[in-house]
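Engineer: Just the structure for this:
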Amino acid sequence: VGGDPSHWRFKIRQGITFHNGEKFDANAATTGINFIKLPERGMIYTEAVGGPHKPVVVDDYTLDIVCDAPCPLAPTGVRFAHFAAPNWYNNASEEERRSQFISSGPFKFTSWERGIALKSEPFEDYWQGKVEQFPEVSVVWREEDTVRAAMVKTGEADWAYDVGPQNRNNVPKAVVGQSSEVVVLKINSKNREPFQDPRVRLALRHAIDCETLNQQLYDGLGVCRGSPFNDQLTGSRDDIQVPLEYNPQLARQLLEEADYFNKWPNFEFTITTRSGRFPRDVEMFEAIAGMWNEVGFKAGVSVVESSVWNEHSNQNDPSSPLFNVGADIITWPHGNETGDSWFSLRNLMCNHRSGYACDKVLEPQIIPAAGLSGPERQQKLYEMWKYVYDNGLLPAILELPIVYGVSERLDFIPRAEREVRWNEQMKWLE
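Structural biologist: Modelled structure (predicted):
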């Protein structure tokens, strides 16, 4: 607004209603934004927009977002907001908000049995027209990818999310898509002395044979990456997308140059991960630990529940039982839905809740870069990520594929990331 990158104006499409008949207007959008940016809802939305901000109603169908600082990510960041019918939301209990949701999409919520199934049906007054494909959609949860594949094979399900490359021949149709999710290893260079030496961090990456992992675990469907994001994001360039060479001899040489074995002869470390976050994840990290041990590290793998993983991840959160401790190395399947690599840099800040680095060169550059735009932003982000790449601060491994299991009677077209929209991507073939 007026050339101010901290002030953005949005026009809201008229004629949209929520599933209970309430209208979608600027007041409804304000309710949704104030809801999603509450600290207890997590900080993904606030960070995606670019920092602290407030919504301001201009008129019934005009909404401003005013940030505390320049926020060029705001137009894309608001996609993370969840908009609920405002009167329902304001009068609902917290339990009601957690167990149902009245939105404005093509399908409306009908029931949810926790841990069993969520059911929905088409919304007749959907603003883009009548949804005719499916009279009802049921979503059931199954943790094991082999079970999801079996359900499609036997006709118990028509579609399954990420059955894994190993199950491609166990479903009627396997559709391969992109995830935009890159597996990253967050090395705790903030709280582990050996990892403060860049030669040690680079040795870790040079010891990993990504191409073999990709072929053996993912049938070559993934893409080995040099940075924690794919080549479509702002700040990406070809040179920082080239994975560091798999070279065990160079890894050992770097450790000798760092005098690693004399300085830290008894240092043992663990990769902390979750099971089932993506197909064959534990196998990947066990293989990586084995590769590290071959060059002289003493590495292992610890598989923990998601709640424990969160405690390790949020090592700079004073409320975490692992405050200022964290994990030695924590796995991070990193999504890139924001389309901009600045968001990822927050994880390298000294005091960010899940920051695992505290680099005196990089740290003072991150926040000022948030307000840049255009070619200046592209260049600055690239320069910072080149520094990260050259110093092994946040080594990337593999951009994961997604293999969807699809029944013979369904056609499915994947998107360029993990979102699934039933009415746009699926249709019956009979």
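Engineer: in stretch 211-222, what counts as buried?
Structural biologist: Along stretch 211-222, these residues count as buried under the neighbour rule (16 or more other CB atoms under 10 Å): Leu213, Asn214, Leu217, Tyr218, Leu221, Gly222. All C-beta spots, glycine's among them, are computed from the backbone N, C-alpha and C.
Engineer: among those, which two are most distant?
Structural biologist: Leu213 and Leu221 (11.9 Å; CB to CB).
Engineer: Could you report the neighbour count for Met291?
Structural biologist: Look at Met291: counted by other CB atoms under 10 Å, it has 20 neighbours.
Engineer: List the residues that contact it.
Structural biologist: Ala207, Ile208, Asp209, Pro248 (CB atoms under 8 Å, 6 or more residues apart in numbering).
Engineer: Determine which two of the residues you listed are furthest apart.
Structural biologist: Ile208 and Pro248 (9.6 Å).
Engineer: Between the two, tell me which one has more neighbours.
Structural biologist: Counted by other CB under 10 Å, Ile208 and Pro248 do not tie: Ile208 has more neighbours, with 24 against 17.
Engineer: Quick check: that one touching Glu245?
Structural biologist: No - using CB atoms under 8 Å, Ile208 and Glu245 do not qualify as a contacting pair, with a distance of 10.3 Å.
Engineer: just the helices in the stretch 151-300 of the chain please.
Structural biologist: Using DSSP state H, counting those that start in this stretch, the helices of the stretch 151-300 of the chain run over 198-206, 210-218, 248-257, 260-263, 281-294.
Engineer: Nearest to Glu376, out of those?
Structural biologist: helix 198-206 (27.4 Å).
Engineer: which secondary structure elements does that closest one contact?
Structural biologist: Using 3 or more CB pairs under 8 Å, 6 or more residues apart in numbering; DSSP states H and E as the contact test, the elements touching helix 198-206 are strand 173-187, helix 248-257, helix 260-263, helix 374-391.
Engineer: Any chance of TSV for these, columns mean pLDDT and distance to Arg237?
Structural biologist: Below are the helices and strands packed on helix 198-206 laid out as TSV (pLDDT from 0 to 100; distance: least, CB to CB, whole Å):
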stretch	mean pLDDT	distance to Arg237
strand 173-187	93	16
helix 248-257	98	23
helix 260-263	98	31
helix 374-391	96	5
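Engineer: could you dump these to a markdown table with distance to Thr110?
Structural biologist: Shown next, in a markdown table, are the helices and strands packed on helix 198-206 (distance: least, CB to CB, whole Å):
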| stretch | distance to Thr110 |
| --- | --- |
| strand 173-187 | 27 |
| helix 248-257 | 55 |
| helix 260-263 | 59 |
| helix 374-391 | 44 |
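Engineer: Would you point to the one among these that's packed deepest?
Structural biologist: Most buried of those by mean neighbour count (mean count of other CB atoms under 10 Å) is strand 173-187; its value is a mean of 21.
Engineer: Let me know the angle separating that one from helix 198-206.
Structural biologist: On the basis of axes from the mean of the first three to the mean of the last three CA atoms, to 10 degrees, strand 173-187 is oriented at 160 degrees to helix 198-206.
Engineer: starting at the chain centroid, how far to strand 173-187?
Structural biologist: 10 Å (CA atoms, centre = their mean, to the nearest Å).
Engineer: In its sheet, which strands sit next to it, and in what direction?
Structural biologist: The strands that strand 173-187 pairs with in its sheet are strand 329-334 (antiparallel), strand 396-406 (antiparallel) (by DSSP bridges).
Engineer: Downstream of the first one, the next helix or strand is which one?
Structural biologist: Using DSSP states H and E, the helix or strand that follows strand 329-334 in sequence is helix 342-345.
Engineer: and that next one, what does it pack onto?
Structural biologist: Right, helix 342-345 is packed against helix 363-369, helix 374-391 by 3+ CB pairs under 8 Å, 6+ apart.
Engineer: Now do it: everything it contacts.
Structural biologist: In contact with helix 342-345 (CB under 8 Å, 6+ apart) are residues 47-48, 73, 228-229, 234-235, 334, 336, 362, 366, 369-370, 377, 381, 384-385, 388, 394.
Engineer: at 7 Å instead, please
Structural biologist: Residues outside helix 342-345 that contact it (CB atoms under 7 Å, 6 or more residues apart in numbering): Glu47, Ala48, Pro228, Phe229, His334, Ile366, Ala369, Ala370, Leu381, Met384.
Engineer: Which one, of the helices and strands packed on helix 342-345, ends up nearest to Trp8?
Structural biologist: helix 374-391 (15.8 Å).
Engineer: List every C-alpha atom in that closest one, with coordinates, as PDB.
Structural biologist: Taking C-alpha atoms only, helix 374-391 is exported to PDB below (Å, rounded to 0.1, in the frame of the first residue of the first chain):
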ATOM      1  CA  GLY A 374      13.100  -8.400  -6.100                       C
ATOM      2  CA  PRO A 375      16.600  -9.100  -7.500                       C
ATOM      3  CA  GLU A 376      18.200  -7.700  -4.300                       C
ATOM      4  CA  ARG A 377      16.400 -10.400  -2.300                       C
ATOM      5  CA  GLN A 378      17.300 -13.100  -4.700                       C
ATOM      6  CA  GLN A 379      21.000 -12.200  -4.500                       C
ATOM      7  CA  LYS A 380      21.100 -11.800  -0.700                       C
ATOM      8  CA  LEU A 381      19.400 -15.100  -0.100                       C
ATOM      9  CA  TYR A 382      21.700 -16.800  -2.500                       C
ATOM     10  CA  GLU A 383      24.800 -15.400  -0.800                       C
ATOM     11  CA  MET A 384      23.600 -16.500   2.700                       C
ATOM     12  CA  TRP A 385      22.800 -20.000   1.400                       C
ATOM     13  CA  LYS A 386      26.200 -20.200  -0.300                       C
ATOM     14  CA  TYR A 387      27.800 -19.600   3.000                       C
ATOM     15  CA  VAL A 388      25.600 -22.300   4.600                       C
ATOM     16  CA  TYR A 389      26.500 -24.700   1.800                       C
ATOM     17  CA  ASP A 390      30.300 -24.000   2.000                       C
ATOM     18  CA  ASN A 391      30.300 -24.400   5.800                       C
END
